[in-house]
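**Student:** Generate coordinates for the sequence data below:
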Amino acid sequence: MVNSKKNSKIALKKAQTSINNILKMIEDDRYCIDILQQILSVNGLLKSASSKILENHLNTCFIEGMCSADTKIKKDLVKEVLDVIKLGGKS
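**Tutor:** Numbers count the residues shown, from 1 in each chain. Next up, the predicted model:
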């Protein structure tokens, strides 16, 4: 699980650096397509980080919660994961 968090942190830091570069590109009035390509690259980094964080959650918190005898906890866990997946599918 440590690798998953480490990899998501790396992706987020790369995205942060890229966003700063994109802002500079806009200030410098760079070619729109070049800016859009960088934005798409950041989107990919964010999706990668999201995927790794979700994977980590499922392998830790989710599994732990599903071992509970409390049905409400289990239903809540499933609902929150489905809600996050639905949110991620929106454009």
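
**Student:** Tell me how many other residues crowd the closest residue to L58 other than its chain neighbours.
**Tutor:** Leaving aside its chain neighbours, L58 sits nearest to V81 (7.2 Å; criterion: C-beta to C-beta, 6 or more residues apart in numbering). Where you see a C-beta, it was placed from the backbone N, CA and C, and this is true even at glycine. Residues near V81, counting by other C-beta atoms under 10 Å, number 15.

**Student:** Which helix or strand contains V81?
**Tutor:** helix 71-89 (DSSP states H and E).

**Student:** A69 now?
**Tutor:** Judged by DSSP H and E, A69 forms part of no helix or strand.

**Student:** Just the pLDDT for the residue of the chain most remote from its centre.
**Tutor:** Residue farthest from the centre of the chain, counting by C-alpha atoms, centre = their mean, is A69 at 30.1 Å. Model confidence at A69, given as pLDDT, is 95.

**Student:** Likewise for M1?
**Tutor:** 62.

**Student:** again, but for N59
**Tutor:** So N59 comes in at 93 (pLDDT).

**Student:** pretty sure the residue nearest to L58 contacts C61?
**Tutor:** No. Look at V81 against C61 with C-beta atoms under 8 Å: they stay out of range, at 9.9 Å.

**Student:** I am finished for the moment; much appreciated.
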